[in-house]
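[1] Using only what follows, build the 3D model:
(chains A, B, C and D)
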There are 4 protein chains.
Amino acid sequence: MEKVRIAVLGATGYSGAEAVRLVSQHPGVTLTLVTADQHAGTRLADVHPFLRDCALQLEPVEPARVRERADVAISALPEPAAAAVVPALVRSGVRVIDMSAAFRLKNDEIHRQWYHADPAPDLRRGAVYGLTELRRAEIRDAVLVANPGCYPTGVLLALAPLLRRGMVGGPIVVDAKSGVSGARRKGVVEQLFCEVNENCRAYAVADHRHGPEMEQEIEAFSGRRHQLLFAPHLVPVNRGILATIYAPLAPGAGEEVIGACLREAYAAEPFVVLCGNRWPELREVRGTNLCAIGWKVDVRTGWAILVTVLDNLGKGAAGQALQNLNAMCGFPETEGLLGTALVP
Amino acid sequence: MEKVRIAVLGATGYSGAEAVRLVSQHPGVTLTLVTADQHAGTRLADVHPFLRDCALQLEPVEPARVRERADVAISALPEPAAAAVVPALVRSGVRVIDMSAAFRLKNDEIHRQWYHADPAPDLRRGAVYGLTELRRAEIRDAVLVANPGCYPTGVLLALAPLLRRGMVGGPIVVDAKSGVSGARRKGVVEQLFCEVNENCRAYAVADHRHGPEMEQEIEAFSGRRHQLLFAPHLVPVNRGILATIYAPLAPGAGEEVIGACLREAYAAEPFVVLCGNRWPELREVRGTNLCAIGWKVDVRTGWAILVTVLDNLGKGAAGQALQNLNAMCGFPETEGLLGTALVP
Amino acid sequence: MEKVRIAVLGATGYSGAEAVRLVSQHPGVTLTLVTADQHAGTRLADVHPFLRDCALQLEPVEPARVRERADVAISALPEPAAAAVVPALVRSGVRVIDMSAAFRLKNDEIHRQWYHADPAPDLRRGAVYGLTELRRAEIRDAVLVANPGCYPTGVLLALAPLLRRGMVGGPIVVDAKSGVSGARRKGVVEQLFCEVNENCRAYAVADHRHGPEMEQEIEAFSGRRHQLLFAPHLVPVNRGILATIYAPLAPGAGEEVIGACLREAYAAEPFVVLCGNRWPELREVRGTNLCAIGWKVDVRTGWAILVTVLDNLGKGAAGQALQNLNAMCGFPETEGLLGTALVP
Amino acid sequence: MEKVRIAVLGATGYSGAEAVRLVSQHPGVTLTLVTADQHAGTRLADVHPFLRDCALQLEPVEPARVRERADVAISALPEPAAAAVVPALVRSGVRVIDMSAAFRLKNDEIHRQWYHADPAPDLRRGAVYGLTELRRAEIRDAVLVANPGCYPTGVLLALAPLLRRGMVGGPIVVDAKSGVSGARRKGVVEQLFCEVNENCRAYAVADHRHGPEMEQEIEAFSGRRHQLLFAPHLVPVNRGILATIYAPLAPGAGEEVIGACLREAYAAEPFVVLCGNRWPELREVRGTNLCAIGWKVDVRTGWAILVTVLDNLGKGAAGQALQNLNAMCGFPETEGLLGTALVP
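    Residues are numbered from 1 along each chain as shown, chains lettered A, B, ... in the order given. Model prediction:
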């Protein structure tokens, strides 16, 4: 079988480089193009020695080059760049998996409030929100997959089965702890080692753009609006997101019902690990495409507490992008994604 | 003026060593006795070279020695040891500031459920819960101060002014992120560097013994019971606790009212820093006796979100112990506690 | 082809678990037995959730079980346990790759000085020191491979080609910086997070048992004794060793000669990365079986400075063990070992 | 006594902020001016909340302002800015302690090779190299103190007493491990958390500008030139430098002689800690003005190995600057500098 030709756009950032790492280990695809405007002309392996097996030279992001050399583009570009490039790619027949948020929100007003640029509203509205386990059928034929945000992925995987059954009320409190590679690989004082190490901080509390993204999908799964209180925090680790979810339960929905509901949804899923009342740790998914979920019901309050962990560059970005690629191209969904976590 | 003679019991653990560090910098007191059964006979400075200025040799924990040599004992012993030693000390006339939880809970049943040993119920019930800013008058004359837990200190300082005004409903969600020095300095696999570094985990979710401690005080401040959902998490930093508090507000209680209420309570307090809508970071209180509080009201849900940070060994343990010592002995409350945070 | 049956002894420690991780990804072998006296009866996946795909239960270390169920045993036991178990295994026909130092030193006196136990001197003297790139022929037929220490592996790979050509004088200074997983996964105060984090320390300076191990091999490669000054240091990272080597050069041996010499030795080696005058970083080999080497000659002193990095659990332990297994069993030497480093 | 008025130039960088922290705790001085071109008009406490007690607003670096408001300026400006500003300050009568390297090197050629700008060669040649313990007399009356580099401080304190006695031959190997705050507080990719954390790297090997600085002083102390091999490394900690020094000894110079020699030099020094054959750890000097030194002689090679640790922002920058200030202004040299290290 001929290999599917892949371009990775924005290949020097954290999620772009992770996409290159994963694509390189996938037997059914071949990496044909890597872009990075800033480093065009340099070998990717010179920017990132750990990618020494990649012989490609970085090129500027030009739709014509992509169209010519790739069947599918995985874009790790930030929103404005993705908004500028993706429409031309799609129109030219390249299938795109976009890891930015430029095509995730369906509501025009909300999208524009958070992301400003909106060059192709129809494309945005028609993009498939690529939460693989929950949107498999649509992803298969998609021309544009809006790969979910790192925070929403874990939270939605944990909540969707409960929401579908009407088991969760509101407001839902989501307290997330993220590693630093969720931020861009860009020289800013706030992300310097000495500013992050031995520190922990909340940011964009109840004001993060992944809030409306989660609310959109929560509504899609539950059929109604839920109030969400979302507070992300930065913790001094490279990779990983741990989200603690607190949600009032509908009457009768105890631990066993939650467990049954999650097992029904995910028993056959290779990338969702159900931990029951063991709390999953951040490290156990490092470097993988896994999302692990633990839960408990506080009998006094009747609230559920769920903890989900994933690797923000794996299941939270490039891993899920590859899983979507597998779904889109007819590969087994686990192809290239079965590595064990690197611990310690 | 003659100096107050201080014994630090359990001086080689993290909070005990911090107490030694602080006592050594206090002009009005003199350290006369340091104990550590395990290292008795060794100089403290040989166990902890950073305490090189302390010339004392470690001794076994014997009430008679303490009584003979100290006016006040700061105990950093774990619960069972504190339960065994503190009653004898108090009876012999030594004033005690106990950093363990052995004398914090007033309710007999709840105390025994969490801590088992209860050798002196009257003493426990009569101990003053030493949240200095909020119990100053009682602390002044106390013979036994139960120094508050690290998690409760920050949470209660943030909530008490609101609770007193009936501004907060329930359930209150407290999601706390703690550094590792909150655990004992004891060789266990779970606290090894490779188990904690590049990791983050929830533990004792809705099942931590600081839960009932907070509930006791919440009831004391508000006059009624509140449901509390408390989930502590371990993050890879040495020192510090950041707690994010989510609480429904009574009608009319917006950001300004919260601010006014906190300012009224703490405007004159040297150790409480009110940050308004700036989120305080863990590091800005490292090595200090400060507790910094930021807040916001989510207008959609009407819930308040508060973030508090403190150094678990400072305001969360030995710092507050010294502050209580100052109150008990008639020193200015800031004596020996005005150092600036060590950043980075 | 029938799969080679593998036992991993001491499977819950850091290098044992890494061996399990690697064995699980190797298509030509099957893991049939995992041992851990302390956890016997528990599933390995319950001790280490990240190894969730391993269905085996931990068993006690008994030679009879190993002999019955495995063709090759990879031992991650500490020296005394390895000394006790390995001889019986070898006698019963199981081929052994021993990651401890129990069978590395050839000289009786030096061995006993450092390791005391010496239950099978003949076996020890006959064991093959398993530096794969440099001992391939002997490893192929070995019944007992003494897998090299983590520090010696990187240092010897860098120096051997120069030593063989007589290019290096002495004394050779080796200043090594090691991650924490080089120590055993055992609850000791010295390895607690708070003791290692934000810290750096030298230990066993000019008194580490890997010193004589390096000297033995240095003599083997150069044909003469070299004085070695070896100072290991602990740095706060999970994985990796960076060793900086300072060595006086024979007249005429400049950077180009060193480069030619290293390229001649390693140009065809898949696991040795020659970086020239780029200094390799610790992270670029994390999770891999690679050893990367950079070098420079200081023209003023005529000394060479070489920097080598490897993953102490990879090429420094379990990775090289698997590489040796491949050599012993006739697999391509890279089988199961070609993963890309996990960065960041 | 009237307080000495202090300006801190470049007050928002790591060493500048540390200078502010220390000056604020010094009873004999008053901080009258803080500068930072980039943040002029903002309160320092708004840039650095941990400096909340500082009420000053940041101003641009203008010599006239400094002259008017300060008796002594502590400059934390980088070299080009220091070279531009310091001469005007000195000419106008402000005494300057310059933490940059702009005035450290005496040799014109070497200075220009490394630092280019040389606006006031006479001033540079006449500046006192401010290693307080070893240049006290000259510092007392200096108008311009060139505060030593972070690497040279620890290395020179360890070596100077041996060099003065002719006990050390060459080449001297210095392998240093530095925390990240040694780099500027500036947004560059190389210093991002994810680039430094879980990593370790050598840089500027045998090519660092602190090399000639050490060589200059080594020659000054020993009366002759020594070859130096200096390799700095970056380790993932915020603060601290650990330098391991390897040096051949003159005949007869064993451990005891070294100890006697160091004790003779430093027995009465409050900031030099002699550890004998205990290896000092990085953390034991964190936040202090201490330099701790351990040593050993390898009997086989006759080389000495010394390990020195200091806080690069303390004794390696702002701490020593304050110590020099004390010497210059007639304060006790320990004034404001006696805090205990913050551990953990």
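[2] Quick one: low-confidence residue ranges for the stretch 1-150 of chain A.
    A:1 (pLDDT under 70).
[3] Helices along that one, start to end?
    Assigned by DSSP state H, counting those that start in this stretch, the stretch 1-150 of chain A shows helices spanning A:14-24, A:44-47, A:63-69, A:79-91, A:108-115, A:121-126, A:132-140, A:150-164.
[4] and the first one, what does it pack onto?
    Spelled out, that is helix A:14-24. strand A:4-9, strand A:29-35, helix A:319-329 (3 or more C-beta pairs under 8 Å, 6 or more residues apart in numbering or on different chains; DSSP states H and E). Just so you know, the C-beta spots here come from the backbone N, C-alpha and C atoms, and that holds for glycine as well.
[5] That one: which residues count as buried?
    A:Tyr14, A:Ser15, A:Gly16, A:Ala17, A:Glu18, A:Ala19, A:Val20, A:Arg21, A:Leu22, A:Val23, A:Ser24 (16 or more other C-beta atoms under 10 Å in any protein chain shown).
[6] Could you pull up the residues touching the nearest residue to the second one once chain neighbours are set aside?
    Setting aside the residues directly before and after it, A:Ser15 is nearest to A:Ala317 in space (C-beta to C-beta, 6 or more residues apart in numbering or on different chains), at 4.0 Å. For A:Ala317, the contact set (C-beta atoms under 8 Å, 6 or more residues apart in numbering or on different chains) comprises A:Ser15, A:Glu18, A:Ala19, A:Ala76, A:Met99, A:Asn147, A:Cys150.
[7] try 7 Å this time
    A:Ser15, A:Glu18, A:Met99, A:Asn147, A:Cys150 (C-beta atoms under 7 Å, 6 or more residues apart in numbering or on different chains).
[8] One more: A:Arg124?
    A:Phe103, A:His111, A:Asp118.
[9] From those, list the buried ones, please.
    A:Phe103, A:His111.
[10] need the helices and strands packed on helix A:14-24 in CSV with mean neighbour count and distance to A:Asn289, can you?
    Below are these laid out as CSV (neighbours: other C-beta atoms under 10 Å in any protein chain shown; distance: least, C-beta to C-beta, whole Å):
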stretch, mean neighbour count, distance to A:Asn289
strand A:4-9, 26, 17
strand A:29-35, 22, 15
helix A:319-329, 26, 3
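[11] and chain B, which of those is closest to it?
    Taking C-beta to the nearest C-beta, helix A:319-329 is the member of these nearest to chain B, at 17.6 Å.
[12] Run through the neighbouring helices and strands of that closest one.
    Counting contacts by 3 or more C-beta pairs under 7 Å, 6 or more residues apart in numbering or on different chains; DSSP states H and E, helix A:319-329 is packed against helix A:14-24, strand A:72-75, strand A:95-98, helix A:132-140.
[13] what separates that helix from the chain centre, distance-wise?
    Distance, stretch centre to chain centre, for helix A:319-329: 12 Å (C-alpha atoms, centre = their mean, to the nearest Å).
[14] returning to what we had before: which member of the contacts of A:Arg124 is positioned nearest chain C?
    Among the contacts of A:Arg124, and counting by C-beta to the nearest C-beta, the member closest to chain C is A:Phe103, at 26.6 Å.
[15] before we move on, back to that, Validate this expectation: the residue nearest to A:Ser15 resides in a helix.
    Yes. The assignment for A:Ala317 (DSSP: H, G, I helix; E, B strand; the rest coil) places it in a helix.
[16] for the nearest residue to A:Arg95 once chain neighbours are set aside, what are its contacts?
    The shortest distance from A:Arg95 to any non-neighbouring residue, by C-beta to C-beta, 6+ apart, is to A:Val72 (4.7 Å). Residues in contact with A:Val72 (C-beta under 7 Å, 6+ apart) are A:Val4, A:Ile6, A:Val94, A:Arg95, A:Ile97, A:Leu325, A:Met328.
[17] what does A:Ala40 give?
    A:Leu58, A:Glu59, A:Pro60.
[18] Output those residues in a markdown table, with distance to chain B appended to each entry.
    As requested, those are exported to a markdown table (distance: C-beta to the nearest C-beta, whole Å):
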| residue | distance to chain B |
| --- | --- |
| A:Leu58 | 29 |
| A:Glu59 | 34 |
| A:Pro60 | 35 |
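[19] Name only those of those that count as buried.
    Buried among those by 16+ other C-beta under 10 Å: A:Leu58, A:Glu59.
[20] The helices and strands packed on helix A:14-24: which one's closest to A:Arg209?
    A:Arg209 lies closest to helix A:319-329 among these, at 18.2 Å (C-beta to C-beta).
[21] what mean pLDDT would you report for that closest one?
    The average pLDDT within helix A:319-329 is 98.
[22] contact partners of it?
    A:4, A:19, A:22, A:26, A:72, A:74, A:95, A:97, A:99, A:130, A:132, A:136, A:139-140, A:142, A:145, A:147-148, A:153, A:271, A:288-289, A:311, A:332-333, A:335-337.
[23] Would you mind listing which of the residues you listed are buried?
    A:4, A:19, A:22, A:26, A:72, A:74, A:95, A:97, A:99, A:130, A:132, A:139, A:142, A:145, A:147-148, A:153, A:271, A:288-289, A:311, A:333, A:335-337.
[24] residues from the stretch 1-150 of chain A in reach of chain C?
    A:Tyr14, A:Arg21, A:Ser24, A:Gln25, A:Pro49, A:Phe50, A:Leu51, A:Arg52, A:Asp53 (C-beta under 7 Å from any C-beta of the partner chain).
[25] let's go with 6 Å and repeat that
    A:Arg21, A:Pro49, A:Phe50 (C-beta under 6 Å from any C-beta of the partner chain).
[26] ok, the first one touching C:Gly339?
    No. Between A:Arg21 and C:Gly339 there is no contact, the gap being 9.0 Å when judged by C-beta atoms under 6 Å.
[27] Would you agree A:Leu274 falls within a strand?
    Yes. Assessed by three-state DSSP, A:Leu274 belongs to a strand.
[28] near chain B, anything from stretch A:204-220?
    Yes. Looking at stretch A:204-220 against chain B by C-beta under 6 Å from any C-beta, the contacts come from A:Val205, A:Ala206.
[29] And that stretch, what's buried?
    Buried, per 16+ other C-beta under 10 Å, within stretch A:204-220: A:205-206, A:208-218, A:220.
[30] and if you look at stretch A:41-57?
    Residues of stretch A:41-57 classed as buried by neighbour count (16+ other C-beta under 10 Å): A:Arg43, A:Leu44, A:Ala45, A:Val47, A:His48, A:Pro49, A:Phe50, A:Leu51, A:Arg52, A:Cys54, A:Leu56.
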